Structures are given as C-alpha cells and as structure tokens.
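Student: Quick one: sequence and predicted model below, then my questions.
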Amino acid sequence: MLHTRIKICGITRPEDAVHAAARGADALGLVFYARSPRAVSLEQAAEIAASVPPLVQLVALFVDETPEQVARTLARVPVHTLQFHGDESAAYCEQFSRPYLKAVRVREGMDLAAACAPYTSAAGILLDSWQAGVPGGTGRVFDWRQVGGGFNRPLVLAGGLNAGNVGEGMALLRPAAVDVSGGVESEPGRKDPGEVARFIAAVRAADEQLGSEI
Ligand SMILES: O=C(O)c1ccccc1NCC(=O)[C@H](O)[C@H](O)COP(=O)(O)O
C-alpha cells in the first residue's frame, strides 16, 4: 500500500507535537521566521524537540536566513531536514550538509521546471502557494494543474491543504509527501487535535484508494 509522508507544520507547542506524532505524522515543521505567527524561539523549539518520539523527523524552516543563524539553530535543536522558503541558492542550501526541501511557490504562468532546476541536490521540492509578501503558510491552494505530468522531482505538496481536499491533490499529483499548517489549526500556531486526526485519516484513506489503483 502507498504511504504518503505527512508533515504537520508550524508546530509551536509540545502537546501539538506529541499528538501529531501519536496520530502518525512522519514529520513536524518548526518555523524560524520571526514574521510568522507560528514562529518559535530556540528555547521553544528545544522544548518541542524533547517531546517528540524517536524516528519522527523535525524540519526547520527558514526564509533567507543568515548561515550563522541557521547554524545556531542546528546547534540547539536536533533537526533532520531543512526547508528553505526564500530566494536561497542551491549552494546556500547545501552548505549545512543536511537534507533540505526547497519551497517553490507556484504562480500562474511561471516556468516551474526552471524554478526547480537549480536544486538538484534537494531531498524534495515543496510546491506551495504564492501570495505577495507571504513566504509560506498562506492557507491558499494553488492551481495543481500547473504541475505538468513531467514534474520528475520528489514532490511535497503544500498550500491550503485540509482533510477535505488532500485526497484530490494526492490523486492528481501523487506526491511523495503532503504538508499542512493552517488547515489543521484552530488559530495560527495552535493545532486542532481533531483536524490533525481528520487530515491524517484522509491521507491514509487516499493511500488505500490510490494504492489499490496501482
Ligand atoms: O507556516 C508559516 O507561517 C510559514 C511562514 C513562513 C515560511 C514558511 C511557513 N510555512 C511553511 C510550510 O511548510 C507550510 O506548511 C506551508 O507553507 C503550507 O501552509 P498552509 O497553506 O497554511 O497549509
């Protein structure tokens, strides 16, 4: 059967991390971008990390951060994967010697292949929605049809996902992973246990359905 990986992003509280992991999330995202309502301090991140069971990946998100600050974060928080949401070059992303996801925000009419081409070293490309001045966590769905059939990179689908639409996105794009933040929240940064459970159940149901179609 398929096993689409699930990342619950924008975790700000240990209890939300523990619940998401218990429900089967494969990865948890911590936002180190001060302008986000989901931003966490190093102290908060270390406390959340200490609450996470083994083998659940921690993902640290940055937006055009200084390498020094990224290094300070990695020295304090046991992060497995990095996620870059700004204009970071491939060389910038590679310097930390960790698996990384490069976020590409999909805009109408863009050359998606060209936008993704430099990041051949990325563990995956996270396709997200574009909104002026908002590097991520928009709560908006982009036009999935813009991702042509020739998209041949490990895909993390993000942007406005929720329990009601994630199955459709999986059927259309067959991503390696799905990523959600706003769609499982009661308010920015506060995950709703019921929504998290419903989202994970919807992904697993889609895995079952799509797996049977192979
Ligand atoms: O979540 C944020 O507030 C955020 C802020 C700045 C950069 C990235 C951010 N989130 C990155 C993610 O991976 C989100 O899960 C992704 O953008 C999807 O968010 P949503 O549309 O709310 O599900």
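Tutor: Cool, got the structure.
Student: Helices of the chain, residue ranges please.
Tutor: Using DSSP state H, the helices found in the chain span residues 14-23, 42-51, 67-76, 90-94, 112-116, 166-173, 193-211.
Student: list the contacts for the closest residue to P78 other than its chain neighbours?
Tutor: Nearest non-adjacent residue to P78, counting by C-beta to C-beta, 6 or more residues apart in numbering: A49, 5.4 Å away. Quick note: C-beta positions are derived from backbone N, CA and C, even for glycine. By C-beta atoms under 8 Å, 6 or more residues apart in numbering, A49 lies in contact with 58, 77-79.
Student: thinking again about what came up before, for the helices of the chain, could you give me TSV that also reports mean pLDDT and distance to M1?
Tutor: Below are those laid out as TSV (pLDDT from 0 to 100; distance: least, C-beta to C-beta, whole Å):
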stretch	mean pLDDT	distance to M1
helix 14-23	98	18
helix 42-51	98	29
helix 67-76	98	35
helix 90-94	98	32
helix 112-116	95	28
helix 166-173	97	13
helix 193-211	97	4
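Student: Nearest to G139, out of the ones you listed?
Tutor: With C-beta to C-beta, the closest approach to G139 among the helices of the chain belongs to helix 193-211: 12.7 Å.
Student: Contact residues of the protein facing the ligand?
Tutor: 9-10, 29, 31, 33, 36, 38, 61, 63, 85, 128, 135-139, 158-161, 179-183 (C-beta under 6 Å from any ligand atom).
Student: Thought F142 was touching L172, still the case?
Tutor: No: in this structure, L172 is not within contact of F142 by C-beta atoms under 8 Å, at 12.0 Å.
Student: where's A91 relative to A45, distance?
Tutor: A91 sits 26 Å away from A45, going by C-beta to C-beta, to the nearest Å.
Student: who's more crowded, these two?
Tutor: Neighbour tally, A91 and A45, criterion other C-beta atoms under 10 Å: the higher count belongs to A45, 23 against 9.
Student: so what's the most centrally placed residue in the chain bridging to?
Tutor: With distances taken as C-alpha atoms, centre = their mean, the residue of the chain nearest its centroid is D179 (4.2 Å). Judged by DSSP bridges, the bridge partners of D179 are K7.
Student: and if you look at S129?
Tutor: With DSSP bridges as the rule, S129 is bridged to V106.
Student: How many residues are close by it?
Tutor: Neighbour count for S129, taken as other C-beta under 10 Å: 20.
Student: re the thing from before, need the contacts of A49 in a markdown table (columns: neighbour count and pLDDT).
Tutor: Listed next are the contacts of A49 as a markdown table, based on neighbours: other C-beta atoms under 10 Å; pLDDT from 0 to 100:
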| residue | neighbour count | pLDDT |
| --- | --- | --- |
| L58 | 19 | 98 |
| V77 | 21 | 98 |
| P78 | 12 | 97 |
| V79 | 22 | 97 |
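Student: what sits against the closest residue to A123 other than its chain neighbours?
Tutor: Take A123 and drop its neighbours on the chain: the residue closest to it by C-beta to C-beta, 6+ apart is P99, 4.0 Å away. Residues near P99 by C-beta under 8 Å, 6+ apart: 80-82, 123.
Student: The same query, at a cut-off of 7 Å, please.
Tutor: Taking C-beta atoms under 7 Å, 6 or more residues apart in numbering, we find P99 in contact with 80-81, 123.
Student: Fine by me, thanks again.
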